[in-house]
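1. sequence plus predicted model, see below.
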Amino acid sequence: MVQVAAALLFALAAGLGVTVILAMLRTNGDAILSALAGEGAFPADVAPQPGPATVIKLRPSAPRRHISRAITARPQLSRAA
C-alpha cells in the first residue's frame, strides 16, 4: 500500500514538473531556444554593452573627527550569574 502511494506521488510530481517545463517553453520559448542555439536572448545589435553607462562624480565628504572615549572597566560576569 505504501509503495502504491509513493508511486502515485512520484507520478504526480513528475507530471507537475513536465507541466512547469512546458509552461516555461510556452512563455519564453524564443529566448530559450535562441540561448540553446548559442545566439543568446538578445540580437547582437541591440544587446546591452558591458561597462558603466554614465560616470557619476560623488561629492567628497567632510573628514571624520577622531573621538577618543575613555574605556571603563566592566565586570566579565553578568548580573544574573
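-> Noted; the coordinates are in hand.
2. and G15, what element?
-> helix 2-36 (DSSP states H and E).
3. list the helices and strands that helix packs on?
-> Contact partners of helix 2-36 among helices and strands, from 3 or more C-beta pairs under 8 Å, 6 or more residues apart in numbering; DSSP states H and E: none. C-beta coordinates here come from the backbone N, C-alpha and C atoms, glycine included.
4. local confidence estimate at V55?
-> V55 carries a pLDDT value of 73.
5. start at 12, not 1
-> From this message on, residue numbering opens at 12, which makes the last subject V66.
6. gap between it and Q14?
-> 65 Å (C-beta to C-beta, to the nearest Å).
7. ditto for I32
-> Taken as C-beta to C-beta, the span from I32 to Q14 is 27 Å.
8. the more surrounded of these two?
-> Between I32 and Q14, counted using other C-beta atoms under 10 Å, the more crowded position is I32 (10 against 7).
9. what distance do you get for the more buried one to G40?
-> 11 Å.
10. shared neighbours of those two, anything?
-> With C-beta atoms under 8 Å, 6 or more residues apart in numbering applied, the contact sets of I32 and G40 do not overlap.
11. so, low pLDDT: which residues of this protein?
-> Regions of the chain meeting the criterion pLDDT under 70 cover residues 50-60, 77-92.
12. do that again at 80, thanks
-> 43-67, 72-92 (pLDDT under 80).
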